[in-house]
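Model the following, please.
(2 chains)
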Amino acid sequence: MKTVIETKGLSKTYTNTAVPVEALKDISLEFKEGEFTAIVGPSGSGKTTFLNVIGGLDKPTKGKVIIDNVDIASMKESQLFDFRLKHIGFVFQAYNLIPVLTATENVSFIMLLQKRPKEEMNKRAKEMLEQVGLSDKLDVRPNKLSGGQQQRVAVARALASRPDFVLADEPTANLDTESAFNLLDIMARLNKEENITLVFSTHDQRVIDRARRVITLVDGAVDKDETFDRD
Amino acid sequence: MAILFTLAWRNLWRNKRRTLITVSSVLFTYLLAVALLSFMGGFQEQLTESMIRQDTGYLQVQDAMYLDEPSMDHIFEYGEEVREALAHFEDEIEYTVPRIRGFSLAAKEMSTRPAMVNGIVPEQEDQLRDLSGNMVQGEMFGMDDEYAVVGAGLAELLSLEIGDTIVLIGQGFQAVSATGKFRVGGIIEFSIPEQNNTMVYLPLEVAQWYFAAGNRLSNLLIMTGGKDQIRPLAAQIQQELDEEWYAVRTWKEIVPDMVELMEMQRLVYSLITWVFYIIVGFGIFGTILTMLYERMREFGILLSLGMRRYKLAMVTLTETVIIGLLGVFTGITAGIPLIYIFHRFPIRLSGGMADYMYSFGMEPAFRFIMSPGIFMTQGIIVFVITLFIGLYSMRKIFVMDVLDATRS
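Down below sits the predicted model:
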């Protein structure tokens, strides 16, 4: 299987604190195409920092993040904007939909920034919203949707542009059990159908139980890297 | 680009009340500024028109030294040279008004008073300012008559009545002694006391005889179609005349103090409008800052998703510009009929204020000027202010840390 993300000796130290904090310590990992991976660990273990660094939102202090044969750690900010737009889908803990856009517009937004043709965009947005079970909410704005529905729109948004991989930072943290299971079912199905690599940071056991690979971080270092057969 | 506008437009209406209050503040400031400047423009227009009609004309031909020393020693010969020079510009010149004027002593029996003796052509003065309309007794003379018309105040001071004789003693051209005895054929009333108490009018030729001035004039007022292009016209007429003897002056050159006063007034009014703009500028700035800071997280997310900073900055700039433009366009929509009403139906004054206006020979009413220039200029100023505020929000977007913003 093709390697989608590779990190080599990744370290991140925050120096803007009273005492320098080593958030990531020499992490070398590979993520293959179509993998469903959960990054787990206690609070402060470096899960979010790891996701931010491989998502090009933060720069490592040391090491490389190789995606599509390019080390994104050495990219300029303007290149990173384009890189994120083209290759990465994000799902955030607090949904973070654009409140003034409808569900369809939110899902189309990234494709719009990618300058995809309008017809393709609308078709894909509707298709994705149908896949996440929101075909009756196409023209509804986020404030009229429940938390679970908003997060499903966020997943549709992340997947609509067919990115190389999706990074999800604790996507079920704010959801009730039913919504969380519903979302996980959808993500698992899309992971299979669209063959998109999913990397979650989570300490939600419901997510961990679905992941085929679970990487445990402790104090910024990889403690365990386990693979499970969920089929 | 359509999505950027859509985002900006919908963002503005996320908090309708706040946006409407901000737009209203721009609207009312714009209206205040336009009303203030239209009022001032109207007042100055009235003042200028009154001065041009009463005193200066748009242009004047004078003796080259008359402006510095307006006396009988500096009157000019109104002969062929001047007539021919003006004949070249008959398309531009509507009519001329010749005048000779000098101070004298007016006396009746044992009473004497200072007087301003004016030699005029009544038909031309009437065309300029309906002088005969101010007659309260007797009749305005014709050019074949030889009697005098005196100001009502002077008539009262000297106990003059129609048919009485007034004696004038003064200095004529080149220090010749000017003396004359004239029948009072009419009494004229002015609202300006200085005019009322001193004016004596004689037919032009009679006055020229009295001052031993031959065909000389103190001033030849030139009336054109309006104030535009009078400076180049003055220069062109001057080219036709000998500079050593003649000067062609615009009304602004004749009354520089008045022009300075009007400039000062304009400056004060402009300062007041700028105070308005500074206040509303801070109002818009406050709104934009609030809108900016309450959406920091949202901006962080948009940038995380791959939206370029300049696009996001364009959204915030568009929001500011929309506020400004909405304020200005509603201001123009409301302002045009409002100013038109005050232009068409001026604010009428009464009592002391009316007398004060009358004393300047002005209609006692504040008539607002309808000037597209005022609407445009104020609109542009508001637009530039909002643009400037928009630049601040743009700058914030450009220096924003994406991660910090997503965590905010």
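
so where do the strands sit in the chain?
Picked chain A for this. A:3-14, A:21-32, A:36-40, A:62-67, A:70-71, A:88-91, A:165-169, A:197-201, A:213-218, A:221-227 (DSSP state E).

not quite, I wanted chain B
Listed in chain order, the strands of chain B (DSSP E) span residues B:59-63, B:76-77, B:93-108, B:111-120, B:135-138, B:148-151, B:165-171, B:177-188, B:199-203, B:216-217, B:219-224, B:246-250, B:347-348, B:365-366.

most packed of those?
For the strands of chain B, the stretch with the most neighbours on average is strand B:148-151, a mean of 29; neighbours defined as mean count of other Cβ atoms under 10 Å in any protein chain shown. All C-beta atoms are positioned from the backbone trio N, CA, C, and that covers glycine.

Just the mean pLDDT for it, thanks.
When pLDDT is averaged over strand B:148-151, the result is 97.

Off-centre distance for that strand?
Using Cα atoms, centre = their mean, to the nearest Å, the mean C-alpha position of strand B:148-151 is found 31 Å from that of the whole chain.

Okay, now the unreliable bits of the chain?
Picking chain A for this. With pLDDT under 70 as the threshold, chain A has low-confidence stretches at A:231.

if you could check chain B rather than the one you did, that'd help
Confidence mapping of chain B against pLDDT under 70 gives the ranges B:1, B:359-361.

Please name the nearest non-neighbouring residue to the residue in chain A that chain B sits nearest to.
Proximity to chain B, evaluated over chain A using Cβ to the nearest Cβ, is greatest for residue A:85 at 2.8 Å. The shortest distance from residue A:85 to any non-neighbouring residue, by Cβ to Cβ, 6 or more residues apart in numbering or on different chains, is to residue B:306 (2.8 Å).

and the nearest residue to residue A:172 once chain neighbours are set aside, what does it touch?
On the basis of Cβ to Cβ, 6+ apart, the spatially nearest residue to residue A:172 that is not a chain neighbour turns out to be residue A:180, at 4.1 Å. Applying Cβ atoms under 8 Å, 6 or more residues apart in numbering or on different chains, one finds that residue A:180 lies in contact with A:148, A:172, A:204, A:206, A:207.

same deal with residue B:94?
Applying Cβ under 8 Å, 6+ apart, the residues contacting residue B:94 are B:223, B:224, B:225.

ok, residue A:39 touching residue A:204?
No: at 11.8 Å, residue A:39 and residue A:204 do not qualify as touching, with contact defined as Cβ atoms under 8 Å.

Between these two, point out the one with more neighbours.
Here residue A:39 and residue A:204 are set side by side on neighbour count (other Cβ atoms under 10 Å in any protein chain shown), and the busier one is residue A:39, at 27 against 18.

how far away is the residue nearest to residue A:85 from residue B:108?
99 Å (Cβ to Cβ, to the nearest Å).

Excluding covalently adjacent residues, which one is nearest to residue B:240?
Going by Cβ to Cβ, 6+ apart, residue B:240 has residue B:85 as its nearest residue, at 3.6 Å.

Run the angle between the top helix by length along chain A and strand A:36-40 for me.
Ranked by number of residues, the top helix in chain A under DSSP state H is helix A:177-193. Relative orientation of helix A:177-193 and strand A:36-40, computed by axes from the mean of the first three to the mean of the last three Cα atoms, to 10 degrees: 130 degrees.

So for helix A:177-193, what gets flagged as buried?
Neighbour counts over helix A:177-193 (16 or more other Cβ atoms under 10 Å in any protein chain shown) mark A:179, A:180, A:182, A:183, A:184, A:186, A:187, A:188, A:190, A:191 as buried.

Give the burial count for the closest residue to residue B:226 other than its chain neighbours, as a bare number.
Closest residue to residue B:226 apart from its sequence neighbours, by Cβ to Cβ, 6+ apart: residue B:58 at 7.8 Å. Other residues within reach of residue B:58 by the criterion other Cβ under 10 Å amount to 22.

Ramachandran coordinates for residue B:58?
Dihedral angles of residue B:58 (phi, psi; degrees, to the nearest 10) stand at phi -70, psi -40.

There's contact between it and residue B:229 in this structure, I believe.
No: assessed by Cβ under 8 Å, residue B:58 is found out of contact with residue B:229, at 9.8 Å.

hang on, isn't residue A:49 packed against residue A:11?
No: in terms of Cβ under 8 Å, residue A:49 does not count as a neighbour of residue A:11; the distance is 10.4 Å.

Now do the shared contacts for those two.
Once Cβ under 8 Å, 6+ apart is applied, the residues that residue A:49 and residue A:11 both contact turn out to be residue A:24.

higher neighbour count, these two?
Between residue A:49 and residue A:11, counting by other Cβ under 10 Å, residue A:49 is the more crowded of the two (23 against 17).

contacting residues for the more buried one?
Remark: with contacts taken as Cβ under 8 Å, 6+ apart, residue A:49 is in contact with A:12, A:23, A:24, A:58, A:220.

List the contacts of residue B:58.
Remark: with contacts taken as Cβ under 8 Å, 6+ apart, residue B:58 is in contact with B:52, B:221, B:222, B:223, B:224, B:226, B:227, B:230, B:250, B:251.

I'm done for today, thanks for sticking with me.
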